[in-house]
Structure formats: structure tokens, C-alpha cells
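**Student:** Sharing a model that was predicted from the sequence below.
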Amino acid sequence: MDRLQLIWADGTTAVVPALWLRDNCPCSHCKVVATSERRKLIATEPLELAPVSVVTDTSGVTVDWGNHVSHYTLDWYRAIQLDTRRHLATPSLWGPDFTLPRFRYSELDESVPGGRQRLIEFLSAFTSHGVACVSGVPIYQGESERFVSRWAPIRELPFGRVHDVLVDPMGYNIAHTAEALPPHTDFPSYKWPPSGQALHMLINEVVGGDSFVVDGWRVASELDRSELDILASFPVPFRQFDHGAETWTMAPLLRLRPDGSIEQLRFSNQLMQPIDPATTGIDRFYEAYHHLSTLLLAPEQQHRFRMQPGDLLVVHGHRVLHGRTAYEASTGHRHLQDVYFEFEDLFNQLHRLSSIPARAPV
């Protein structure tokens, strides 16, 4: 496939595939400018595409393709680079001095002075660290839904739109008891588990029941390459159900990006189902799984705190594990509500807020 060298008037150069350049012509004939949707069908061009001429002047680079003329500015090229790189945000993995990012609910309002900037800081902290806590959230049932809905649609699951987490003899998992909850991610029983979760504490009168979070990506980064590979390729069954609904899937514990870094972690001791012992590779899987489990359960990996009424914790569900210590149900009442959403929606809201100038007060 032919490649072209573009040279702009200021000396900036780029070497790109000819098909890529033709495919991304920015003119209104090839693209819906208002929405950035592509009209051009690349299949209408030959695989070995070559231009008739390439001319540089002060306004940009003009390419004559024989059946079409395209004009490419340096601003166009740089905008493409910026737009694609925003989806490759580098997470800030927790170190031993990690502190849970905390914000006040009253600050996260674009209509108050400084609210837009504080909201950007909140979303930045969440997308970077995978977790953040907001205090002073109104202690009303369903407030977690109202809070998240300001920036992202709620992901509704078969067990309800807003989930009540409290001692409930009819509950569908161990979270509805006073037992300790080991670090876990929610709903690994989906091929694509919810990637965002908001947990809102309404009442917390009990002795015990401290919360903790674990940076699963940082912990998993301690595994060696062979362990990462088996955990990213060995399918594991997960199931969560109640009397009226069922979720079940077979999926690996890890999902890796093309560069080998971790993109998704699913981990739930309580929801993982038995694996057929005759499955090829089960010995290697269990060795790696044992190592990962040992690392995730280590107390030094757990950032522990007590959620007060009005605290709302947002968690990147494909990265950060959460859990709680056991509590004494006879000492009071504990009621938490949570909802699910997609991490990318808040990430994209951060991009919107950071890119678009604030409107002047009306």
C-alpha cells in the first residue's frame, strides 16, 4: 500500500497511507461536516491508490486523486491526533501514598461560581484514579440515580434500576447480609459488566461495615506476562440470579489492550462458578488465579474508610474492586443504594467540559 509524505508550509511533516488520507478527506462532498460522519466509501478506490499530484502552499496540502481534489490543513491533522489520543488516557495507578479523591456535592454545580472547574476536577480525578467520593449528597432514596443522570444514562439491570444494599433475608447475594464482602467487581456475569458504579450511603449506624477499594489494574500489573496471557484467554463462568432473573456468562478475568496493558478486570469470588476440571489449561489458570487472588486480598492493597451518610462513591467497575468488612446488624441500620452506568460517558463529559468554553451567565 502506497504511503505519502505530507509537508506543510511551517515544515511539519507526516507520512501516512494514501488510502487513509483519501478516506479522511474533510470536504463536504466526502464528509458530513456538522456531524463528522463519513460519506466517502473507501471501497470505491483501488487498494494501490496513488495521487496525480501533491502541492503545498501556505493554506495546507492539496492532493489531486484524479477523480477528486482534497485539501488538508495542519489544524485538521493536529485535531485528528488530539481526538484519537483522548481515548488513550493513561490511568494513574495508586501508590502507597494514595488518597481517596474527595469532593463536596454543593461544589459540583456548573451554575455556581467555580462549579464548572470543580466538576472538571471531579471527573478528572475519577477517570484518572478510577474512584472518587462525593460528600454532602442529599440523603434521599434514589439520589444516586439523580446524581449520575446529570452526566450519564443509568444502566438498568434485571434486578432493578436502583439497588438497595441492606440486610435482606430475600436478597439475591451476599451483599444483602452483614457478612464481610471480599474485594470484587460487580456483575462479572455479563460479557460486558457495568463499567461504572455509584454507591450512596443513606444510613450507617452499625458497628463495623467499613468500606475499602483496591486498584485492580495496579495489582494485576504485578503478574508476569504468562500469567496475564492465561487470565486473558481462559474463559471462566460467572452467575448471578434471583427468583425472577438470571445473568450468566463465560469470560476471561482480564481483557488486554493491543499493547498488552490491562483494559478490563472481572473478579468475584462469590459469583465465580465451578470450571470443568478437564478444560485444557486449567492448571496454568489456577496458578495465575491463585497469585492474582493473593495479591488482591492483601490488606496493604486495600484503601479502607468508613462511608458516612451522604457519601457517594463512584467506582470504575472494570478497574477498581470494592468491598466491606463484616458488621453487627443488631447495632443499628445500614442502608446503601447504588446504580450502574458506563465509565466512558463520564469520560466523554470531561472532554466536553474541558473543550467547550463556559457560557457567560444569562
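**Tutor:** Sure thing, it's come through. Numbering: from 1, shown residues only.

**Student:** Which stretches in the stretch 101-250 of the chain count as strands?
**Tutor:** Counting by DSSP state E, counting those that start in this stretch, residue ranges of the strands within the stretch 101-250 of the chain are 102-104, 131-135, 163-165, 181-184, 196-204, 207-208, 211-215, 236-241, 246-251.

**Student:** Now tabulate those strands in CSV and tack on distance to residue 342.
**Tutor:** The way it works is simple: take the backbone N, C-alpha and C, and place the C-beta from them, glycine included. Converted to CSV, the strands of the stretch 101-250 of the chain look like this (distance: least, Cβ to Cβ, whole Å):
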stretch, distance to residue 342
strand 102-104, 21
strand 131-135, 16
strand 163-165, 17
strand 181-184, 19
strand 196-204, 6
strand 207-208, 32
strand 211-215, 19
strand 236-241, 19
strand 246-251, 17
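
**Student:** I'd like the ones you listed as TSV, with mean pLDDT and distance to residue 82 appended.
**Tutor:** Formatted as TSV, those follow (pLDDT from 0 to 100; distance: least, Cβ to Cβ, whole Å):
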stretch	mean pLDDT	distance to residue 82
strand 102-104	98	27
strand 131-135	98	25
strand 163-165	94	38
strand 181-184	97	36
strand 196-204	98	24
strand 207-208	98	48
strand 211-215	98	28
strand 236-241	96	38
strand 246-251	97	33
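
**Student:** Residue 152 is in contact with residue 349, isn't it?
**Tutor:** Yes: the criterion here is Cβ atoms under 8 Å, and residue 152 meets it with residue 349 at 7.2 Å.

**Student:** Pick out whichever of the two has more residues nearby.
**Tutor:** Taking neighbours as other Cβ atoms under 10 Å, residue 152 and residue 349 compare with residue 152 leading, 20 against 17.

**Student:** How many neighbouring residues does the nearest residue to that one once chain neighbours are set aside have?
**Tutor:** Leaving aside its chain neighbours, residue 152 sits nearest to residue 345 (3.5 Å; criterion: Cβ to Cβ, 6 or more residues apart in numbering). Neighbour count for residue 345, taken as other Cβ under 10 Å: 15.

**Student:** Could you check how far the helix or strand where residue 345 lies is from the centre of its chain?
**Tutor:** Using DSSP states H and E, residue 345 sits within helix 343-355. Offset of helix 343-355 from its chain centre (Cα atoms, centre = their mean, to the nearest Å): 11 Å.

**Student:** got a list of contacts for it?
**Tutor:** Contact with helix 343-355 is made by 86, 89, 116, 119-120, 123-124, 126-127, 151-153, 195-196, 314, 316-318, as judged by Cβ atoms under 8 Å, 6 or more residues apart in numbering.

**Student:** Now do it against strand 196-204, angle only.
**Tutor:** Helix 343-355 and strand 196-204 are oriented at 100 degrees to each other (axes from the mean of the first three to the mean of the last three Cα atoms, to 10 degrees).
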